[in-house]
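# turn this into a structure:
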Amino acid sequence: MTNFKFTIQFDKFQDIAQRFTFLPGINIVYGASGVGKSFFLSCIEGESLNQSYNFQIEHKNTAFIYHRIFQNPDNQIIGRSVRGELSFSGECKGKPVSELQMIIESGLDQLPDTIDSYMNPGLLSGGEKELLNLTTAMQSSPDILIIDDGLSFLSSENKLIAVNWLRAWANNTKSIVVWATSEKNDLEFGDTKWVLDLDSFKKTEYVKPEHYDSIHIPEGFLSLKWTDVSFKYDNSRRIYSDLSLSLDDCRSVGLLGSNGSGKTTFAGLCFGYLKPQKGQAVLSINGIVDLKIGYVDQFPEHLIQLKTPAEFLDMITQNGIFDPRLEQTFKNRLLRFGIQWKTVKTLQGIKLPWAVLRTIMVVILAHCKFDVLILDEPTFGLGWDQRVILRSFLRECMTKMHFVIVSHDQTFIRSICDKIIDLDTKTIKNTQVGTEEKTKP
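Prediction:
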């Protein structure tokens with residue numbers, strides 16, 4: 001495998017194009033939401049794009065075979081079972097049954113034991129889907145593997161496993177991995193490390209550790225009581241067996257756990273769209289169980305479907321969920337994230353960048369008449385500065401609302417939640433987040 005050479009020029013900031021080279025191995029490109037990471041990868045892949053951006057990329061690498069892992073793991077999954085997904089590429093190439101069986105078995109050997117080979121991959125967790133997508137991508141043997149923020153649902157443990165897979169594969173095949181990420185800490189995994197900004201693309205070596213400032217959140221009144229809860233999806237493994245948990249007087253509950261531990265299922269049971277086959281899962285505030293609960297799915301397009309943000313806002317306003325008196329406040333707060341309502345309001349949700357759509361949904365629903373708002377992976381796709389803004393925003397909302405926050409992002413969870421449920425150990429832990437301020441529920 002030879003190197004991948006290209007030029008990039010930021011027309012408003014540079015007179016001439018700069019030359020760069022990606023080497024065989026793992027090349028990490030960090031960038032915050034909105035800097036053009038997906039556009040950058042599409043240019044590397046050689047796609048002909050109608051849209052314009054603040055930079056242009058040119059290269060003459062026409063003989064390479066590319067494979068792209070998308071930000072949304074559902075975009076890559078086709079098979080009706082995990083086995084079918086593993087064999088799909090080989091079937092398309094007309095490989096014999098014996099070889100397909102070898103492909104399936106080698107893929108299953110790599111995947112976690114918790115994944116049933118006959119289950120529908122749509123029932124996998126976000127992180128498990130990413131591991132499956134990474135496995136099928138490497139099995140397709142591309143010259144250049146492109147990862148578009150496609151490993152961001154992984155727990156820290158599984159991400160390290162995935163990186164070890166990638167490094168071994170790249171070393172054995174002499175392939176190039178171009179991995180764009182909004183997780184700044186991912187830079188440590190790169191054989192080469194790069195930073196994409198709105199005005200530049202440059203190589204970097206030093207990864208500065210980031211830390212949130214200390215914070216105090218309002219005193220909470222949220223209680224959660226699970227009693228002997230058992231749950232499983234149809235044709236899938238059991239998620240919970242007689243699980244009992246109890247916590248009281250919380251403002252913001254954090255939910256941590258490895259991929260497949262049942263974090264999203266836990267959120268669904270708290271929200272009420274899932275029902276346990278056995279036991280009870282009850283949320284209450286000051287003893288009141290008839291709560292108004294909102295939920296921002298880890299796949300935000302499930303909320304908005306084919307609607308535009310403006311149509312979604314009109315719908316929940318008409319349904320009495322959104323307070324129209326807060327519309328200008330909502331738009332002003334959205335601007336903190338660099339999102340202008342007038343720019344995004346008429347675009348279909350499925351056409352918006354994932355991080356942008358997720359942020360819009362979080363900000364809209366945080367201005368609704370909910371007692372509790374459940375956020376599933378709210379930091380996905382956000383760079384460090386945007387996570388700091390999100391944390392500050394959620395802190396402000398906590399004066400009138402309680403939260404359940406589901407995330408693999410342990411640093412964020414520990415910085416904004418006063419209690420954490422660890423689904424790996426089935427324990428509840430207090431954090432260092434203070435709750436000195438007294439507010440009414």
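# state the mean pLDDT of stretch 413-432.
Taken as a whole, stretch 413-432 has a mean pLDDT of 92.
# next one: it to chain centre, how far?
20 Å (CA atoms, centre = their mean, to the nearest Å).
# ditto for stretch 53-67
That offset, for stretch 53-67, works out to 26 Å (CA atoms, centre = their mean).
# one more: stretch 129-144?
Using CA atoms, centre = their mean, the offset of stretch 129-144 from its chain centre is 18 Å.
# try stretch 304-316
So, by CA atoms, centre = their mean, the centroid of stretch 304-316 is 22 Å from its chain's centroid.
# quick check: mean pLDDT of that stretch?
94.
# how about that stretch as CSV, C-alpha atoms only?
Output of stretch 304-316 as CSV, limited to C-alpha atoms (Å, rounded to 0.1, in the frame of the first residue of the first chain):
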residue,chain,number,x,y,z
ILE,A,304,-38.5,14.1,14.1
GLN,A,305,-38.7,11.5,11.2
LEU,A,306,-39.4,13.4,8.0
LYS,A,307,-40.4,16.7,9.7
THR,A,308,-38.4,19.9,9.7
PRO,A,309,-37.5,21.4,13.1
ALA,A,310,-40.1,24.1,12.5
GLU,A,311,-42.8,21.5,11.9
PHE,A,312,-41.7,19.5,14.9
LEU,A,313,-41.9,22.6,17.1
ASP,A,314,-45.3,23.5,15.7
MET,A,315,-46.5,20.0,16.5
ILE,A,316,-45.4,19.9,20.1
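# list the buried residues in that stretch.
For stretch 304-316, burial by neighbour count (16 or more other CB atoms under 10 Å) applies to Ile304, Thr308, Pro309, Phe312, Leu313, Ile316. Using the backbone N, CA and C atoms, a C-beta is placed for each residue, glycine as well.
# helices along the stretch 201-350 of the chain, start to end?
Using DSSP state H, counting those that start in this stretch, the helices of the stretch 201-350 of the chain run over residues 263-271, 301-304, 309-318, 327-335, 341-344.
# quick check: which of those helices is buried the most?
Of all the helices of the stretch 201-350 of the chain, helix 263-271 carries the top mean neighbour count, a mean of 22, counting by mean count of other CB atoms under 10 Å.
# show residues contacting that one.
Residues external to helix 263-271 that are found in contact with it (CB atoms under 8 Å, 6 or more residues apart in numbering): 125-126, 224, 229, 231, 239-240, 255-257, 274-276, 281, 283, 293, 295, 298, 372, 374, 376, 404, 406, 421, 423.
# ditto for stretch 29-36
37, 40, 53-55, 178-184, 186-187, 193-198, 338, 353, 355-356, 359, 381-386.
# related to what we said a few turns ago, relative to Tyr66, which of the buried residues of stretch 304-316 is nearest.
Within the buried residues of stretch 304-316, the smallest distance to Tyr66 is 30.3 Å, found for Ile304 (CB to CB).
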